[in-house]
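**Student:** here is my input; please provide its structure:
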Amino acid sequence: MKTGGRYNRLSDDARRDLCFDNPFVWAVARDLDYPRNPLSGGRPNAYPLWVFFMWMVLIHEYGSSRRVEEAFEDSNHGPWRRIREAALREFGNDRTDLIPLETPPTRNQFNYSLKHHLPANSATIAGVVRRRSRRLAAALGLGVEQSPGSLSRPAVERVAYGDVTVMTARTRSLQRDARQVDRTTGEVKYRRHDPDARRHTTGGGTVVSGLPWAFTHVRGKQRNQQVILAVDAVSQEVTEGHLVVGQYLEAAAELTGLVGYAYDRALRGVHLDLLLKAGHVGLVGVHQRGGKARDRYHGVETHHPADGPSTSVEIHLVGGAPHVRAYDVDGNHRLRPVRRKRINKRPNKTGGGFRLSAEYEVLDEATGETDGYVRIRLDQTDEDILAGYNRPEHLRAFPEDDAVFIEIQRPLRASAESANRAIDDHLPRERLHHFGFEKGQLSMLAWQAHRNAQTEAVFAPQLGTSTARLNLKQSA
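**Tutor:** As a prediction, this is how the structure comes out:
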């Protein structure tokens, strides 16, 4: 399989062949199991469960479950023979229970599995796909300590990013619109509808009807060098901010080189404080009101000059960036910006976690030279809670006009929007394949496996491996 090229993309034929021999599906196959009950009776399962998860991957390639079944029915040119051959190569004689029958499954069997068996294994599938995605990212040099950059000067390879996209439901009717009463007969009818679909307002103010999913990615500097780390449904039980921060922190526990998370203004102070106390920074703009971020008085900090005793200075925040309040000879005040020098990360002595602070160089107004520094805590302190001051909401380690923010956050946000556009365009009429969060989550996990397997196939040869597949199996 020749991959890569100028755009680091697979051809249509290569991408389809990869669906029939997807390494993420093989990883899932080893951990899946049917909820067997010998006393329940009924016909035993004819196919291993991974066959129907691969069916969901193939839906993203063929466009619908009906077309997958049509392809399976083609005994001469269809993919079923190649799928069985790939399974024999992958499992051999060690796991004969994972080798499917020579006769392909039917759509009725897939629908039964999607209703009864796959949802019970959703957490298992998500765990396997996420672990292998993190190992793929590490193999590509993304999110590891050997990557370029640091906490003070992040690089693209060490910053994850995410976004929430609302995907259109299969039907226009919502739950509250489904009930209809015939005015003549009084008969009550219910339109077909998605019980989990809601109307959502996007950041631009557009109202969209559908189901939202949160994605977290990591990428390199090469074109299409992108790995989906996690995908979860955004239900009413958990807020968007807590969900995506949880995705990032779960990935950062294994990808120890990650230093920050780029996101939009949906992350507020309470979410950013979770990142800061875990030792990571958020590359997020300051919340705006009326299209403009408000300036805010921060407080008094200690200035450590190059010579002489320490003094107290007033700090004001302009767009999240700290400024020193200075006075001229006439008593008029103005705000002087300070220049960030480094970000310090110190572990807490008790209770775990970290405390982050930034050191800023203070310039002498007369000479323009550096005159010591001022150190400002970035995370929420106990004094802030007593004073009612939400520090992470207003103070930013990397404000929006900072060079790091411009070079990293903005391109990553564009990459997140591009990833959202890719999944929307890939869906038939930009509508979900299935109803509800439960089945939709399985479809999104299949999409994650589908896309990450392509990244692995494209970039494995660049890493010097002998085959197009990385050795990402869990070591004993």
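**Student:** got the domain ranges for the chain?
**Tutor:** 12-137+430-463, 141-286, 296-394 (automatic domain parsing).
**Student:** my read: Y297 touches V318, true?
**Tutor:** No: in this structure, Y297 is not within contact of V318 by CB atoms under 8 Å, at 10.9 Å. C-beta here means a position set from N, CA and C on the backbone, and glycine is covered the same way.
**Student:** for these two, indicate the residue with more neighbours.
**Tutor:** V318 (16 against 12; other CB atoms under 10 Å).
**Student:** that one - nearest residue in space that isn't next to it in sequence?
**Tutor:** D295 (5.1 Å; CB to CB, 6 or more residues apart in numbering).
**Student:** phi, psi for that neighbour please.
**Tutor:** For D295, the backbone dihedrals (degrees, to the nearest 10) come out as phi -80, psi 150.
**Student:** equivalent analysis for S357, please.
**Tutor:** According to degrees, to the nearest 10, S357 has phi -140, psi 160.
**Student:** just to revisit the earlier point, and the residue nearest to V318, how many neighbours?
**Tutor:** Neighbour tally, D295, other CB under 10 Å: 14.
**Student:** quick one, what contacts it?
**Tutor:** In this structure, D295 makes contact with 316-319, judged by CB atoms under 8 Å, 6 or more residues apart in numbering.
**Student:** residues contacting G143?
**Tutor:** G143 neighbours (CB under 8 Å, 6+ apart): 134, 137, 157-158, 160, 218, 251-252, 255-258.
**Student:** recalculate using a threshold of 7 Å.
**Tutor:** By CB atoms under 7 Å, 6 or more residues apart in numbering, the contact list for G143 reads 137, 158, 160, 218, 255, 257-258.
**Student:** what about these, which are in helices?
**Tutor:** A137 (DSSP state H).
**Student:** from the contacts of G143, list just the buried residues.
**Tutor:** The neighbour-count test (16 or more other CB atoms under 10 Å) applied to these identifies 137, 158, 160, 218, 255, 257-258 as buried.
**Student:** packing partners for the lengthiest strand in the chain?
**Tutor:** Counting residues, the longest strand found in the chain (DSSP state E) is strand 207-219. Counting contacts by 3 or more CB pairs under 7 Å, 6 or more residues apart in numbering; DSSP states H and E, strand 207-219 is packed against strand 159-168, strand 198-201, strand 226-233, helix 240-252, helix 410-426, helix 436-459.
**Student:** and the last one, how far out from the chain's middle?
**Tutor:** For helix 436-459, the distance from its own C-alpha centre to the chain's C-alpha centre is 12 Å (CA atoms, centre = their mean, to the nearest Å).
**Student:** in it, what's buried?
**Tutor:** 436-437, 439-459.
**Student:** cool, stretch 119-131 as well?
**Tutor:** 119, 121, 125-126, 128-130.
**Student:** what does stretch 263-275 give?
**Tutor:** The neighbour-count check on stretch 263-275 (16+ other CB under 10 Å) flags 263-264, 266-267, 269, 271-275 as buried.
**Student:** out of these, the closest to D401 would be?
**Tutor:** D264 (16.9 Å; CB to CB).
**Student:** am I right that the closest one sits in a strand?
**Tutor:** No: judged by DSSP: H, G, I helix; E, B strand; the rest coil, D264 forms no part of a strand; its state is coil.
**Student:** what distance do you get for it to R410?
**Tutor:** Per CB to CB, to the nearest Å, D264 is found 11 Å from R410.
**Student:** got it, and K349?
**Tutor:** K349 is 38 Å from R410, by CB to CB.
**Student:** so which of those two has more stuff around it?
**Tutor:** R410 (14 against 7).
**Student:** any weak-confidence spans in the protein?
**Tutor:** 1-6, 34-44, 175-176, 178-179, 202-205, 290-291, 328-331, 366, 462-476 (pLDDT under 70).
**Student:** beta partners for the most centrally placed residue in it?
**Tutor:** Central residue of the chain (CA atoms, centre = their mean): T216, 0.7 Å from the mean position. Counting by DSSP bridges, T216 is bridged to G162, A230.
**Student:** for it, what are its contacts?
**Tutor:** T216 neighbours (CB under 7 Å, 6+ apart): 160, 162, 229-230, 244, 247-248, 251.
**Student:** how far away is V68 from T171?
**Tutor:** Distance of V68 to T171, computed by CB to CB: 22 Å.
**Student:** please say which of these two ends up with more neighbours.
**Tutor:** Between V68 and T171, counted using other CB under 10 Å, the more crowded position is V68 (25 against 16).
**Student:** can you classify that one as helix, strand or coil?
**Tutor:** helix.
**Student:** now do the contacts for it.
**Tutor:** Contacts of V68 (CB under 7 Å, 6+ apart): 55, 58-59, 62.
**Student:** cutoff 8 Å now
**Tutor:** Neighbours of V68 in contact, by CB under 8 Å, 6+ apart: 55, 58-59, 62, 107, 110.
**Student:** what do you get for R219?
**Tutor:** Contacts of R219 by CB under 8 Å, 6+ apart are 142, 156, 161, 225-227, 412, 415.
**Student:** how does it look with 7 Å?
**Tutor:** 142, 156, 225-226, 415.
**Student:** now do W55
**Tutor:** W55 touches 68, 110, counting by CB under 7 Å, 6+ apart.
**Student:** tell me which helix or strand it sits in.
**Tutor:** helix 50-62 (DSSP states H and E).
**Student:** chain center to that helix, what's the gap?
**Tutor:** The answer for helix 50-62 is 22 Å, by CA atoms, centre = their mean.
**Student:** check stretch 101-115 too.
**Tutor:** 31 Å.
**Student:** please apply the same query to stretch 88-100.
**Tutor:** 33 Å.
**Student:** quick one: buried residues of it?
**Tutor:** 90-91, 98, 100.
**Student:** in three-state terms, how would D307 be classified?
**Tutor:** coil.
**Student:** what about it, distance to M444?
**Tutor:** From D307 to M444 the distance is 60 Å (CB to CB).
**Student:** cool, and P148?
**Tutor:** Counting by CB to CB, the gap from P148 to M444 is 31 Å.
**Student:** how many neighbours does R325 have?
**Tutor:** R325 has 15 nearby residues by other CB under 10 Å.
**Student:** now it: which helix or strand?
**Tutor:** strand 321-327.
**Student:** may I see the buried residues of that strand?
**Tutor:** 321-324.
**Student:** what is the nearest of these to L49?
**Tutor:** A321 (53.1 Å).
**Student:** you'd agree that closest one is up against P399?
**Tutor:** Yes: between A321 and P399 there is a contact at 4.0 Å, judged by CB atoms under 7 Å.
**Student:** for I406, find the nearest of the domains of the chain.
**Tutor:** domain 141-286 (10.4 Å).
**Student:** can you list phi and psi of V300 for me?
**Tutor:** phi -100, psi 130.
**Student:** so the residue nearest to it when sequence neighbours are not counted is in which element?
**Tutor:** Distances taken as CB to CB, 6+ apart place S312 nearest to V300, at 5.1 Å, with adjacent residues excluded. According to DSSP H and E, S312 maps onto strand 311-318.
**Student:** pull out the buried positions in that strand.
**Tutor:** Buried residues in strand 311-318 (16+ other CB under 10 Å): 313-318.
**Student:** burial check on Q146, number of neighbours?
**Tutor:** For Q146, the neighbour count with other CB under 10 Å is 8.
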